[in-house]
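A.B. asks: Structure for the following, please:
(one chain, ligands or ions: 1)
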Amino acid sequence: MAQGYDIIGDVHGCADKLEELLGDLGYSVVQSPCFYWHPDRQAIFVGDLIDRGPSQLRVLEVVKAMVDAGSAKIVMGNHEFNALAYATEDPRNPGSFLRQHDTKNDRQHAAFLEQLNVEQKSHYLAWFRTIPLWLDLGEVRIVHACWHQTSMNLIEQQLGGNRFSSIESFAGAARATDAPSPLYAAIETVLKGPELDLAKYGAKRFKDKDGNVRREARVRWWRGGATTLKQLAEVPQGSRDEADKPYGELPDVLVDETDQSYSYEGPVPVIYGHYWRTGVPVEHEDWTRSTACVDFSAVNGGTMVAYRWNGESTIDWRNYHPHGRNLIEQTSKS
Ligand SMILES: [Mn+2]
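C.D. replies: Numbers count the residues shown, from 1 in each chain. As a prediction, this is how the structure comes out:
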């Protein structure tokens with residue numbers, strides 16, 4: 001029985017950083033079958049094992065071996081979900097796929113498609129389909145992007161659980177191209193995080209770093225008790241408005257009940273990934289009393305991070321590994 005969990009952030013094909021982190025955390029390789037193991041702890045992966053990075057096959061070998069051996073658990077990331085949709089033909093529209101093979105999607109997924117051969121792809125895609133969309137371990141909860149009970153209730157009702165029971169059940173959920181179903185929207189909330197419509201509250205659109213005009217802003221769902229647009233919406237720092245002026249402050253107006261419902265208040269701590277944090281974990285942004293993000297952009301020159309949960313009911317930033325100060329040193333080195 002594990003005495004604690006080491007919850008590991010988005011790996012994105014960075015096998016060297018992952019194996020270094022596992023070593024630092026006290027996991028060692030057990031032979032035949034070969035897997036990383038810790039005498040009294042279990043690793044939990046928050047998903048997004050694949051895409052972008054240089055050694056995706058090695059990451060899949062390491063992580064699946066741990067999960068098969070019981071030395072790790074995993075939840076699904078949006079990149080595993082997308083990989084499945086990319087590979088699955090639309091049953092209503094033979095010849096086209098549940099995720100379109102267009103330039104943007106091809107580019108996002110190119111490294112995975114190149115690095116795995118046909119057999120490897122079908123082997124790991126079959127495994128992805130069985131990965132749960134979240135884990136509720138009683139005293140701690142793990143999800144890729146957002147813990148939102150309303151969405152999770154809907155998923156459980158429609159799937160009969162929190163995973164896809166068959167490829168047909170996946171295909172039914174992943175049809176997104178025409179009108180997204182409530183089930184698809186709920187899965188997006190859990191795996192990609194909620195967004196809110198700025199125009200609905202009289203706020204301006206903003207231009208993202210690539211110059212695309214965005215009318216939706218990410219929701220800072222980890223802010224417990226947040227009720228206003230200013231508290232909940234995340235317009236990235238340095239954004240500009242459509243007239244190319246600095247974006248300025250969001251209005252401090254109340255958001256509606258649906259948007260307020262994303263705000264997570266505990267009491268059980270949630271550990272999640274997905275959000276490409278940088279630098280050291282900062283209170284209110286990267287962690288709160290009841291939430292901790294473990295994605296610190298490992299594939300983008302950042303640090304592969306774990307949160308070492310030891311049974312606490314409120315997050316303790318000292319349980320981040322590496323610790324804050326070391327994070328700065330590692331980040332500035334890379
Ligand atoms: Mn993600």
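A.B. asks: Wait, Q3 touches H38, no?
C.D. replies: No - look at Q3 against H38 with CB atoms under 8 Å: they stay out of range, at 9.5 Å. (Each C-beta comes from the backbone N, C-alpha and C, glycine too.)
A.B. asks: who's more crowded, the two?
C.D. replies: Higher neighbour count among Q3 and H38: H38, with 19 against 11, using other CB atoms under 10 Å.
A.B. asks: Nearest spatial neighbour of that one, chain-adjacent residues omitted?
C.D. replies: Nearest non-adjacent residue to H38, counting by CB to CB, 6 or more residues apart in numbering: Y27, 4.8 Å away.
A.B. asks: Return the residues in contact with the one you found.
C.D. replies: Applying CB atoms under 8 Å, 6 or more residues apart in numbering, we find Y27 in contact with 36-38, 41, 43, 71.
A.B. asks: Can you pick out the most distant pair from the residues you listed?
C.D. replies: Y36 and R41 (11.0 Å; CB to CB).
A.B. asks: Could you check which of those two is surrounded by more residues?
C.D. replies: Y36 (21 against 18).
A.B. asks: Up against the ion, what does the stretch 151-300 of the chain have?
C.D. replies: H274 (CB under 5 Å from the ion).
A.B. asks: contacting residues for E216?
C.D. replies: 195-198.
A.B. asks: Please identify, among those residues, the one with the most neighbours.
C.D. replies: L196 leads these on contacts (other CB under 10 Å) with 22 neighbours.
A.B. asks: got the phi/psi numbers for that one?
C.D. replies: phi -130, psi 150 (degrees, to the nearest 10).
A.B. asks: pretty sure it is in contact with V235, am I right?
C.D. replies: No - in this structure, L196 is not within contact of V235 by CB under 8 Å, at 10.9 Å.
A.B. asks: between the two, what contacts are shared?
C.D. replies: A217.
A.B. asks: low-confidence ranges in the stretch 1-150 of the chain?
C.D. replies: 1 (pLDDT under 70).
A.B. asks: Output the set of residues of it in proximity to the ion.
C.D. replies: The stretch 1-150 of the chain has residues 48, 77-78 near the ion, with proximity defined as CB under 5 Å from the ion.
A.B. asks: Out of these, list just those in helices.
C.D. replies: N78 (DSSP state H).
A.B. asks: Check the residues of the stretch 1-150 of the chain next to the ion against T103 and report the nearest one.
C.D. replies: Nearest to T103 among those, with distances taken as CB to CB, is N78, at 19.0 Å.
A.B. asks: list the contacts for that closest one?
C.D. replies: Contacts of N78 by CB under 8 Å, 6+ apart are 47-48, 144-145, 191-192, 274.
A.B. asks: quick one: which of those residues is most hemmed in?
C.D. replies: G47 (30 neighbours).
A.B. asks: tally of neighbours for the residue nearest to it when sequence neighbours are not counted?
C.D. replies: The spatially closest residue to G47, leaving aside those adjacent along the chain, is G77, at 2.6 Å (CB to CB, 6+ apart). Number of residues near G77 (other CB under 10 Å) recorded here: 30.
A.B. asks: just checking, G77 touches D10?
C.D. replies: Yes - with contact defined as CB under 8 Å, G77 and D10 form a contacting pair (6.7 Å).
A.B. asks: Quickly list what's touching both of the two.
C.D. replies: 46-48, 273-274.
A.B. asks: Can you lay out these as CSV showing distance to V59?
C.D. replies: Listed next are those as CSV, based on distance: CB to CB, whole Å:
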residue, distance to V59
V46, 13
G47, 12
D48, 10
G273, 14
H274, 17
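A.B. asks: Looking at the residues you listed, which is nearest D295?
C.D. replies: Taking the shared contacts of G77 and D10 together and measuring to D295 by CB to CB, the closest member is G273, at 3.9 Å.
A.B. asks: need the contact list for that closest one.
C.D. replies: Counting by CB under 8 Å, 6+ apart, G273 has contacts 9-10, 46-48, 77, 144-145, 293-295.
A.B. asks: per-residue confidence at it?
C.D. replies: As predicted, G273 sits at a pLDDT of 98.
A.B. asks: how much space between it and H323?
C.D. replies: 19 Å (CB to CB, to the nearest Å).
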